[in-house]
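Novice: Next come a sequence and a model predicted from it.
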Amino acid sequence: MGKKQLVMIGNGMAGVRVIEEILKLDSDLYNITIFGKEPHPNYNRIQLSNVLQGNTTFEETIMNDLTWYESNHIQLFTGEAITRIDTEKQVVFSNKGRHVKYDELILATGSLPFILPVPGADKEGVIGFRDIQDCAEMIQTAKQYKKAVVIGGGLLGLEAAKGLIHLGMKVDVVHLMEHLMERQLDAIASTMLKKELEQQGMNFLMEKATVELTGTDRVDGIRFKDGTEVEADLVVMAAGIKPNVELAKQSGIYVNRGIVVNDFMETNLPHVYAIGECAEHREIVYGLVAPLYEQGKILAQTLCNQKDQRYEGSITGTQLKVSGVDLFSAGEIYDDESSKSIVVHNEYEGVYKKVLIRAHRIVGIVLYGDTKDSNRLFKMLNEKQDVSDCTSISFLQSGGTETNDIATMPADEIVCGCNGINKETIVNAIQQDGVTTVEQVGGCTNAGRSCGRCKPVIQDIIAYTLGDEFAHTAGKKTVCNCTTLSRDEVVEEINEKGLTTIKEVMHVLNWSTDEGCSKCRPALNYFLGMVYPDYRDERDSRLVNEKMHANIQKDGTYSVIPRMYGGVTTAKDLRKLADVAEKYNVQLLKITGGQRIGLYGLEKGQLPDVWEELGMPSGYAYGKTLRTVKTCVGAQFCRFGTQDSMSLGIELEKRFERLDTPHKVKMGVSACPRNCAEAGIKDVGIVGLDGGWEIYVAGNGGTDLRAGDLLCKVKTEEEVFEITGAYLQYYRETALYLERTSSWVDRLGLEHVKEVVFNEEKRNELNIRLSKTLARYEEPWQKAIEDSSIRDAYYTTREIMKV
Ligand SMILES: Cc1cc2nc3c(=O)[nH]c(=O)nc-3n(C[C@H](O)[C@H](O)[C@H](O)COP(=O)(O)OP(=O)(O)OC[C@H]3O[C@@H](n4cnc5c(N)ncnc54)[C@H](O)[C@@H]3O)c2cc1C
Ligand SMILES: NC(=O)c1ccc[n+]([C@@H]2O[C@H](COP(=O)([O-])OP(=O)(O)OC[C@H]3O[C@@H](n4cnc5c(N)ncnc54)[C@H](O)[C@@H]3O)[C@@H](O)[C@H]2O)c1
Ligand code: SF4
Ligand code: FES
């Protein structure tokens, strides 16, 4: 029997966790297709608060990059929303005209921000805080405007407000109730929080009900029920969320507040499941990841025919991600006649702790200023432990977990609340899988991969478990989370032990995973190719675009960018490009930044035919290799030109094309210091002078903008080739995988690089090794045209079932 078709709507945190769990249980059961409305792979929504507060970047929030989907054979459609489900024929329909049949369907559509239904709420400058787009808009607005108002003094509103202050805006927080975070904090803790946040620059407008947002096109203020007003250039609505259930409702799936599911996460319709913030279980809709991940485990079991556990609901604990604020809250907040509380309130130290007890069981926790006991108390609450013997104040004065206390921390104490990971699991990962960093622990166990608050404790557990060994490994940059070895150690072992395949490297060097991961497989493939000039490339270990020899675009189509050496073309080639573009109806023909012409929007199955009809070599616009050599028109035509930049550029491109390098390499050749080819921001930039050339290195025109350093002046083109060759080979042999030349030179020092490249013996040796490597390369597009097995393996489109 073939694999069943599993379709998931929503590519967010809860949904993708279900897929990860399914892959762990049985990776052969399903062909998986995911639709995500946002144009990104799965990212950590929680960290958006930290992006605003400047503690992390958008790139760092990505939890599963495109390579992950590719290597797990998941078909992902980003920027594409499902608009209709036919639950009888079992088909979903997208807003891009696609329809896909399913055997099983997961709804993981998350929530939408609750936008107050007041006049003016649709004005420019009024946003929610839910996704990367909102975050980017706040960052952009802060560059132009000064005054922000956040509506809602809950978790989201306060984190947004802190972020906007960090971005330099003046921020008012409008709150409807008497106390901030009234769902999580009692009056005392809330007052302490307000005081702290005021000191951090927030201004609060309490007990204010918004009735109108004013302004013409763009918002300029808010009017309240009591007649007062406040100015605003930006309004962020953070007054709660609502489950995103419209699609389910319209498709006949039973919806109350959320999509109603049973203990196996099944909806009322067969083969349809719901998970995450869109789901309602036993009348509760959750808005934190910990319960959603618990649901995810159960749904994965349900879908893998291991339906032996039920989801019975969760008790949640919350913390606020604002630096300088330490708080924790879980369960009930307010005392009543049936409960008693133990309270510690130290106004001098700004510490407040309250535990609510009913019938000898903890039913609520509020901690402010010192949350070290949160895990211990939360575990007691969750496990409904009898606490009749511990009702003195000392109960709240244990001091909690610090480095010294790791030894006494019980093995089953939860360390990572978001992912439900206890100390024992982390210690096992360190001892049995050999992990030594917080990131590696995350790769192995998921601990620390969500809000990240547990990372310091994980670090302490690593230090405690490794003892002296910790000092040795601390700070070491390992290749990835599957190994404790650094790049240099791995390369040294490959050389010393004569390891020749990726499998062999992983096996001999005790990798913690059988198959490696999307970080180490391409890196090992590169290292082996760098060490052995006759290495047989493992294509499946390459990054997605390199494996396909084409760049995947955000809608799942590909681009084709043939070589145009030195940016020089012919009428014949232009005609061919135009003919192919017309015949295959390409969506876009574009002159790229690298002086060539790209054809965008081709389907995977069309690629070999397009390549064949073009009959041009690959431009490697997707590769960790030499991309382009940009040239100016030079002495052949320009009146300022002192040298023939075009010929030199074309010759350089022909000599070094296809060379595997740790990261992409760009070059430029200008025929005079006016530098029309922008050689000063290239990995290697050559500038013509009267009677010679200047060679610049380590320039970068991308995210890490850097002007190139002058490496040397030479007289002849032959010297340019010799120096450039040695420089590139030395970069190949010593850089970290995915390290650009700019960072590599900064790390090694220009003087060191000069010493190597200007040493005649070393330079010759480097060039000999380089020539051997260059001799092994074949033209990849031509290979795909000629070899039908390559076509079948990589360029046949998996048929999406038709109805
Ligand atoms: C700024 C911020 C900070 C947070 N901080 C914390 C925290 O510290 N701790 C914590 O536990 N939780 C936190 N949360 C909440 C947590 O992020 C969510 O609980 C979690 O992301 C919900 O996961 P989900 O998969 O259910 O929904 P989402 O992550 O919202 O994913 C749903 C996805 O489905 C897509 N989608 C919707 N409809 C369709 C459709 N028709 N077709 C295709 N795709 C569709 C959406 O575009 C979205 O990408 C925070 C949330 C925010 C916004
Ligand atoms: N650190 C974290 O755990 C964290 C951080 C951010 C978001 N989240 C999650 O994201 C979701 C959304 O967070 P949220 O804070 O928007 O939701 P929320 O429902 O917890 O808080 C909304 C707040 O807005 C207030 N409010 C409601 N109407 C208002 C009005 N008209 N004017 C002013 N204030 C008004 C409410 O009194 C409440 O305090 C929640 O599920 C939350 O758990 C969690
Ligand atoms: S760099 Fe100098 S030679 Fe080249 S095109 Fe510009 S002005 Fe002319
Ligand atoms: S507690 Fe949130 S990631 Fe560990």
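Specialist: Structure received. Note that the structure is a prediction, hence the values are computed from the model and not measured. Ligands and ions are numbered 1, 2, ... in the order given.

Novice: Show me the residue of the stretch 451-600 of the chain that gets nearest to ligand 2, please.
Specialist: Cys451 (6.6 Å; Cβ to the nearest ligand atom). In short, each C-beta sits where N, CA and C put it, glycine included.

Novice: show me the contacts for that residue.
Specialist: By Cβ atoms under 8 Å, 6 or more residues apart in numbering, the contact list for Cys451 reads Ile46, Gln47, Val289, Gln319, Lys321, Cys418.

Novice: how much space between Asn10 and Ala274?
Specialist: Small correction: residue 10 is Gly, not Asn. 10 Å (Cβ to Cβ, to the nearest Å).

Novice: joint contacts of those two?
Specialist: Ile106, Leu107, Ala108.

Novice: and the residue nearest to the second one when sequence neighbours are not counted, backbone torsions?
Specialist: Counting by Cβ to Cβ, 6 or more residues apart in numbering, Leu107 lies nearest to Ala274, which is 4.4 Å off, once chain neighbours are set aside. Main-chain dihedrals, Ala274, degrees, to the nearest 10: phi -140, psi 150.

Novice: if we can go back for a sec, can you tell me which one of the contacts of Cys451 sits lowest on pLDDT?
Specialist: Minimum pLDDT for the contacts of Cys451 is recorded at Lys321 (90).

Novice: wait, is that one part of a helix?
Specialist: No - secondary structure of Lys321 (DSSP: H, G, I helix; E, B strand; the rest coil): coil, not part of a helix.

Novice: tally of neighbours for it?
Specialist: By the other Cβ atoms under 10 Å criterion, the neighbourhood of Lys321 contains 19 residues.

Novice: and it, how far is that from ligand 4?
Specialist: 10 Å (Cβ to the nearest ligand atom, to the nearest Å).

Novice: With Ser450 instead?
Specialist: Distance from Ser450 to ligand 4, by Cβ to the nearest ligand atom: 4 Å.

Novice: can you check Ser518 too?
Specialist: Ser518 is 21 Å from ligand 4, by Cβ to the nearest ligand atom.

Novice: Does that residue touch Met63 like I think?
Specialist: No - judged on Cβ atoms under 8 Å, Ser518 makes no contact with Met63 at a distance of 12.0 Å.

Novice: Touching, Lys170 and Val149? I think so.
Specialist: No - checked against Cβ under 8 Å, the pair Lys170 and Val149 is beyond contact range at 9.6 Å.

Novice: Comparing the two, which residue is more hemmed in?
Specialist: Val149 (28 against 16).

Novice: who does that one bridge with?
Specialist: Asp172, Val235 (DSSP bridges).

Novice: Now do the same contact list for it.
Specialist: Per Cβ under 8 Å, 6+ apart, neighbours of Val149: Val171, Asp172, Val173, Val174, Ile222, Val230, Ala232, Leu234, Val235, Val236.

Novice: can we see that at 7 Å?
Specialist: Neighbouring residues of Val149 by Cβ atoms under 7 Å, 6 or more residues apart in numbering: Asp172, Val174, Ile222, Val230, Ala232, Val235.

Novice: From the residues you listed, pick the one nearest ligand 1.
Specialist: Using Cβ to the nearest ligand atom, those come closest to ligand 1 at Val235, 16.4 Å.

Novice: neighbours around Asp86, how many?
Specialist: As a measure of burial, Asp86 has 14 neighbours, counting by other Cβ under 10 Å.

Novice: and it, how far is that from ligand 3?
Specialist: 60 Å.

Novice: partners of that residue in the sheet?
Specialist: Val91.

Novice: any idea how far it lies from Ala274?
Specialist: Applying Cβ to Cβ to Asp86 and Ala274 gives a distance of 17 Å.

Novice: helices and strands around the longest helix seen in the chain, which ones?
Specialist: Longest helix in the chain, counting residues (DSSP state H): helix 717-734. If contacts are counted by 3 or more Cβ pairs under 7 Å, 6 or more residues apart in numbering; DSSP states H and E, helix 717-734 sits against helix 645-656, strand 684-689, strand 692-697, strand 709-714, helix 741-748, helix 750-757, helix 760-775.

Novice: Enumerate the residues of the protein near ligand 1.
Specialist: 9-15, 35-38, 45-46, 48-49, 81-82, 108-111, 129-130, 156, 244, 247, 276-277, 287-290, 292, 321, 418, 451 (Cβ under 6 Å from any ligand atom).
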